[in-house]
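Undergrad: Here is the input, now give the coordinates:
(chains A and B)
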There are 2 protein chains.
Amino acid sequence: MNAEIICVGTEIILGDILNTHSQFLSQELAALGLNVYYQTAVGDNDRRFTQILKTALERSDVVFLTGGLGPTTDDITKEVACELLGVPCVYDESVGEKIKEYFLRSGRQMTDNNLKQAMVPQGSVILENSWGTAPGFIIEKDGKTVVLLPGPPRELRPMFLERAKPYFQAKMEQPILSKSLRVFGIGESALEAQMEDLVRSSNPTVALYAKDGEVLIRVTAKASSEKVAEEAIDGMIEELYRRLGSHIYGINKDSLEQVLVELLREKKLTIATAESCTGGTLAGKITEISGSSEVFHMGIVTYANHIKHQELGVKEETLRRWGAVSEQTAVEMAKGLSQKSGADFNVSITGIAGPTGAVEGKPVGTVYIAVEHHGKVWCKRYQFARNRNERAYIRTLSCLNAMNMVRLTIQQPEETEKEYQNV
Amino acid sequence: MNAEIICVGTEIILGDILNTHSQFLSQELAALGLNVYYQTAVGDNDRRFTQILKTALERSDVVFLTGGLGPTTDDITKEVACELLGVPCVYDESVGEKIKEYFLRSGRQMTDNNLKQAMVPQGSVILENSWGTAPGFIIEKDGKTVVLLPGPPRELRPMFLERAKPYFQAKMEQPILSKSLRVFGIGESALEAQMEDLVRSSNPTVALYAKDGEVLIRVTAKASSEKVAEEAIDGMIEELYRRLGSHIYGINKDSLEQVLVELLREKKLTIATAESCTGGTLAGKITEISGSSEVFHMGIVTYANHIKHQELGVKEETLRRWGAVSEQTAVEMAKGLSQKSGADFNVSITGIAGPTGAVEGKPVGTVYIAVEHHGKVWCKRYQFARNRNERAYIRTLSCLNAMNMVRLTIQQPEETEKEYQNV
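TA: Below you'll find the model as predicted:
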C-alpha cells in the first residue's frame, strides 16, 4: 500500500514551526509496511490544498492529513477533503457532547465555533480525541483512504498510536517487522565498508542512518508470519554483532542515555557528573530518563576555574600548570566528585566548546573526559571538530562519549580494565 | 516571487531523519519576501523526483532543491534537474581542484566518484562549498530559477546564508522587513483576544505563533524603502509594548536564555543554579549561550534528597516535614546555593516531572522555583500540566519560568520587589 503525508498549516510553510509530523508518521508507516513516497506541506489555502490532495489521491492509496481540524475559519482540512471526496459532513450528537464536556471540565468558555468540530464526515471512522477537542477521522471512498489527524503533536501522536495504527495493523496482510540497532564510536563510512554486502541484502533489508556521531541500523523483514520475519531479523542481527561487537549499544532503544540508565539500574550502580564545557547537559540527558533517580543522585557544573577548586578540590597548581582543559584537571575533577558523591561512576568533562577559548595545542573541540570507577580512573582526550561554530555539536558528542565510556566499562569489563589507571 | 522547497532524500521520507531544511529555508525566504506555498519531500528516485520538480516549475518561479549532490549513484538531484531543464553538465576544472585539495587537507582518500561533484550545470552560478565537498548551484532557464543546495545542514545553512541569500537580496525590488517579538507568561488565546484588531492589519502584518509556553509575534512590512518599512514596524511594536508590557522579553532574539545571558552580562550580574526535577537542564540552557561563562560559574544538580542536605544544607527536618517538593525546600536550596556560589542570582527548582512521584495535593507538574537575590527570596509555585506523560514539557517550562523570574527582576525591579521576602 502506498501512502503519503500532507501537513496543512500556514505556520509550517512560513517556517514558524518545525514540521515534526512528517518524520513521526513516516517512521510509523514504514514500520507498518506502508510505502511512503511523498511528504508535502501546504498552507491553509482552499485552492492550493485541494490541488495537492487531488494529486495525492491519484498516486497514493492512503493519504494522511495533519492539522486544520480546529474551530476557526482557517481550519479547512475536513471541509476540503469532504468536498473533494464527495462525502457530506453531518453533526454528530455524541462528539458534540464530548466537546461540551471537555470545556466544562477545563473551566473554559465554549463558543459556537467549537461545535464545528462536531461535524463529522458521513460514514467515517471517528478517532476520539482524549487529548484535546478535535476528533480525527478515517474516510474510505472509492478504494482510497484519507486519514485526518489534529495538528498539535500532543494530540496527533497518541491519536495515531492508539486509534489509527490498530486500524492499519488489522489491514496489512503480510507481516513486516523491523528492529533497530544503535551503534556508537564508529564512523559512517567505516561502517559502510564493513557492511557493504549486508546493505545489498533484499530480505531482510539493512539500512544505515547516521546522526551526530551515532549510526542507526534498521533491519526489516517481510515474511509469511511474524515468527519467520523475526527469525530472519535475528539472524541478521547476529551477523551484525559478529562484525561490530560492542559498538552496538542497544536493540530497539531510543538513546544512549536510556541504555545507560537501564544498565546502571540493572546492576544497581550509581553515576555522578562533574561538567565544565557541557554545562549540565550530561546530567540533563541522564535525568531525561524516567527512573534515573535510582542511579543518579548528584551532578555539579563547575564552569569557572575557582569553582573546580572550591567544589571538587582541583588543585590551583594543576589549573595553573596544565590548564582547565587537561587530563590532569579532568582526573582531579572526577576524583573530587567521587569524594562527594560516593557514586560507582564519577564522570568529568572539561573542554573547549568554542567559539572562543582555543589555546596553542588545544583547538576548539578538544575535550577531556575522565571516568572514576572504584578508585581507578580512565581518562581520554577527544578532538571533536575544528570548526569554531560547532558549540552544540561538540557539547553533544562530549556527553555521548562520556556515557559510552561508562557503558563500555559495564558491558566490556575485561576490555576496558586496562584503560583504568591508579592516579 | 513564488518559491517552493523540495527536499530530496529517501532518509527523509522513511522518517529516519528530521527534515529541518524546510523550516530553515521557509523562514529565510519569507524574510526575503519570497512567498513559499509548498514544501515537498521525495526519495532518491528518478521518476518521482522528476515529476515533483516538473510540477514545481509549473507553479513556482523559484525552486529550492536540497540534498542528493553527493558522490554516490543515489545522488541524482543535479542530473535530474539538468535533464529536465535541458542544461548540460560539464566538468569544471577549478571545482575539481578544490575537491582534490579538500581531500588532501583532510587526509582522506579521494575516489573517482568524488569528481562527479565537479560536473557543473553549464552557465550556472556556482555556490562554493567551504564546509564540505559538493558545490551548490543556481540555474536560470526560461524565467525559472532552480537552486541546488547540499543535504548536510552544516553545509546547507552557511551556503544559503553566505552565497544564495545575497543573490536573491539583489533581485528583490520592494524591500520587505520583519521583526520578531518574543512573549512569555501569557497564553496564546489571552494574547489573541488582546490583539484581535492588530492581527487583521495588512501592512504591517502581525502574526502569532505559540510554542511551549512562549509566543512569537512577527511584524512584517513592505514599503518603498527600508527606512519606511522599519518605521511602520517600529510603530506597531510600540503599540504591542503598550498592550503587552513586560511580557515581551526581546526583539529579534533567539531565546529566553540568550536574552537572560545578555542582560546579566550588561549589568555585570552572575547567576547560579540548583536543580532537582530539571536535572541540569537549566544550567545546560544557560551555557548553550556563548559568553555565558562571564555570568555563570556554577550549578548543582541535587537530584536525591540527601544531596540537597549535603550540598545545599537543606535541613533534614524541612525535607521530612514539607517534602522535597515544597516552598520550604526550594527556598533553602536557593539560600544554600548562595552560600557556595556568591552569585547575584541563585535559582532553585524542585518539582514533580512525572510520570511517577505525585503525592496528595501535589500532582505531576507541581514545581517550586525560588530565586535568591541579595539576601531576599522570591518563591513561586507552578502547576504546569496534569498529564503524566509530559516530563519533557514540565522540565522545559520549569527552566523557562525560572529564567523569566530572573529576567523580570532585572527588567522590572519595582514591580518584582514586592515578591521578594526576607526568609
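Undergrad: partner strands of the strand or helix carrying residue A:206, parallel or antiparallel?
TA: Using DSSP states H and E, residue A:206 sits within strand A:205-211. Looking at strand A:205-211 with DSSP bridges, its partner strands are strand A:214-222 (antiparallel).
Undergrad: any residues touching the strand it pairs with, and which ones?
TA: With contact meaning CB atoms under 8 Å, 6 or more residues apart in numbering or on different chains, strand A:214-222 is reached by A:33, A:174-184, A:186, A:188, A:191, A:195, A:203-210, A:229-230, A:232-233, A:236-237, A:240, A:256, A:400, B:16. All C-beta spots, glycine's among them, are computed from the backbone N, C-alpha and C.
Undergrad: Narrow the residues you listed to just the buried residues.
TA: Neighbour counting with 16 or more other CB atoms under 10 Å in any protein chain shown marks A:33, A:175-184, A:186, A:191, A:195, A:204-210, A:229, A:232-233, A:236-237, A:240, A:256, A:400, B:16 as buried within these.
Undergrad: Tell me which of the residues you listed fall in strands.
TA: A:176-184, A:205-210 (DSSP state E).
Undergrad: Now the phi/psi pair for the residue located most distally from the centre of chain A, please.
TA: In chain A, counting by CA atoms, centre = their mean, residue A:317 sits farthest out from the average C-alpha position, at 42.8 Å. Dihedral pair for residue A:317: phi -60, psi -40, per degrees, to the nearest 10.
Undergrad: what number of residues lie near residue A:199?
TA: Neighbour count for residue A:199, taken as other CB atoms under 10 Å in any protein chain shown: 13.
Undergrad: Please name the nearest non-neighbouring residue to it.
TA: Among residues not flanking residue A:199 along the chain, residue A:206 sits closest, at 5.4 Å (CB to CB, 6 or more residues apart in numbering or on different chains).
Undergrad: right, and the one you found touches residue A:198 too?
TA: Yes. Under the criterion of CB atoms under 8 Å, residue A:206 makes contact with residue A:198 at 4.7 Å.
Undergrad: residue contacts, the most centrally placed residue in chain A?
TA: The centroid of chain A falls nearest to residue A:254 when counting by CA atoms, centre = their mean (6.2 Å). Residue A:254 makes no contacts at all, as judged by CB under 8 Å, 6+ apart.
Undergrad: Just confirm it is within a strand.
TA: No. Applying DSSP: H, G, I helix; E, B strand; the rest coil, one finds residue A:254 to be coil, outside a strand.
Undergrad: Tell me the confidence at it?
TA: On pLDDT, residue A:254 comes in at 87.
Undergrad: and if you look at the one 5 residues further on?
TA: Residue A:259 is assigned 97 on the pLDDT scale.
Undergrad: try the one 5 residues further on
TA: Here, the pLDDT recorded for residue A:264 equals 98.
Undergrad: what kind of secondary structure is it in?
TA: Residue A:264 - assigned by three-state DSSP - is helix.
Undergrad: correct me, but it touches residue A:272?
TA: No. Taking contacts as CB under 8 Å, residue A:264 lies outside contact range of residue A:272: 11.3 Å.
Undergrad: shared neighbours of the two, anything?
TA: Among the neighbours of residue A:264, those also in contact with residue A:272 (CB under 8 Å, 6+ apart) are residue A:345.
Undergrad: Which of the two has more residues huddled nearby?
TA: The neighbour comparison of residue A:264 against residue A:272 (other CB under 10 Å) goes to residue A:272, with 28 against 23.
Undergrad: and the more buried one, what does it touch?
TA: Residues in contact with residue A:272 (CB under 8 Å, 6+ apart) are A:296, A:297, A:298, A:299, A:337, A:338, A:340, A:341, A:343, A:345, A:346, A:347.
Undergrad: Could you pull out the buried residues of the strand or helix carrying it?
TA: According to DSSP H and E, residue A:272 maps onto strand A:271-275. Within strand A:271-275, the residues scored as buried using 16+ other CB under 10 Å are A:271, A:272, A:273, A:274, A:275.
Undergrad: Find me the pLDDT at the last one, would you?
TA: Per-residue confidence for residue A:275 comes out at a pLDDT of 98.
Undergrad: Please verify my assumption that it contacts residue A:301.
TA: Yes. With contact defined as CB under 8 Å, residue A:275 counts as touching residue A:301 (5.1 Å).
Undergrad: Name the residues contacting each of those two.
TA: Contact criterion CB under 8 Å, 6+ apart; residues shared by residue A:275 and residue A:301: A:283, B:280.
Undergrad: Generate a markdown table for the contacts of residue A:272, with distance to chain B and secondary structure as supplementary columns.
TA: Listed next are those as a markdown table, based on distance: CB to the nearest CB, whole Å; DSSP: H, G, I helix; E, B strand; the rest coil:
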| residue | distance to chain B | secondary structure |
| --- | --- | --- |
| A:296 | 6 | strand |
| A:297 | 4 | strand |
| A:298 | 4 | strand |
| A:299 | 4 | strand |
| A:337 | 12 | helix |
| A:338 | 14 | helix |
| A:340 | 7 | helix |
| A:341 | 8 | helix |
| A:343 | 10 | coil |
| A:345 | 15 | strand |
| A:346 | 13 | strand |
| A:347 | 12 | strand |
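Undergrad: and the longest helix along chain A with chain B, contact?
TA: The helix that spans the most residues within chain A, counting by DSSP state H, is helix A:391-411. Yes. Residues of helix A:391-411 contacting chain B under CB under 8 Å from any CB of the partner chain: A:391, A:392, A:395.
Undergrad: Among the residues you listed, which one has the most neighbours?
TA: Compared across the residues of helix A:391-411 next to chain B, residue A:395 has the highest neighbour count, 25 neighbours, by other CB under 10 Å.
Undergrad: dump the residue contacts of that residue.
TA: Residue A:395 touches A:277, A:278, A:279, A:281, A:353, B:288, counting by CB under 8 Å, 6+ apart.
Undergrad: switch to 10 Å and redo it
TA: Residues near residue A:395 by CB atoms under 10 Å, 6 or more residues apart in numbering or on different chains: A:275, A:277-279, A:281-282, A:349, A:351, A:353-354, A:367, A:384, B:284, B:287-288.
Undergrad: Of the residues you listed, which is the nearest to residue A:94?
TA: Relative to residue A:94, the closest of these is residue B:284; by CB to CB it sits at 46.2 Å.
Undergrad: That closest one looks like it's in a helix, true?
TA: Yes. Under three-state DSSP, residue B:284 sits within a helix.
Undergrad: who touches it in this structure?
TA: Applying CB under 10 Å, 6+ apart, we find residue B:284 in contact with A:275, A:278-285, A:301, A:395, A:399, B:257, B:273, B:275, B:278, B:299, B:399.
Undergrad: Which residue does the stretch 101-250 of chain A have closest to chain B?
TA: Residue nearest to chain B within the stretch 101-250 of chain A: residue A:209 (4.2 Å; CB to the nearest CB).
Undergrad: what's the nearest residue to that residue if we skip its chain neighbours?
TA: Leaving aside its chain neighbours, residue A:209 sits nearest to residue B:16 (4.2 Å; criterion: CB to CB, 6+ apart).
Undergrad: hmm, back to that, just the buried positions in the longest helix of chain A, please.
TA: Residues of helix A:391-411 classed as buried by neighbour count (16+ other CB under 10 Å): A:391, A:393-410.
Undergrad: starting at the chain centroid, how far to it?
TA: In this view, helix A:391-411 has its centroid 17 Å away from the chain centroid, taken as CA atoms, centre = their mean, to the nearest Å.
Undergrad: Alright, I will stop here.
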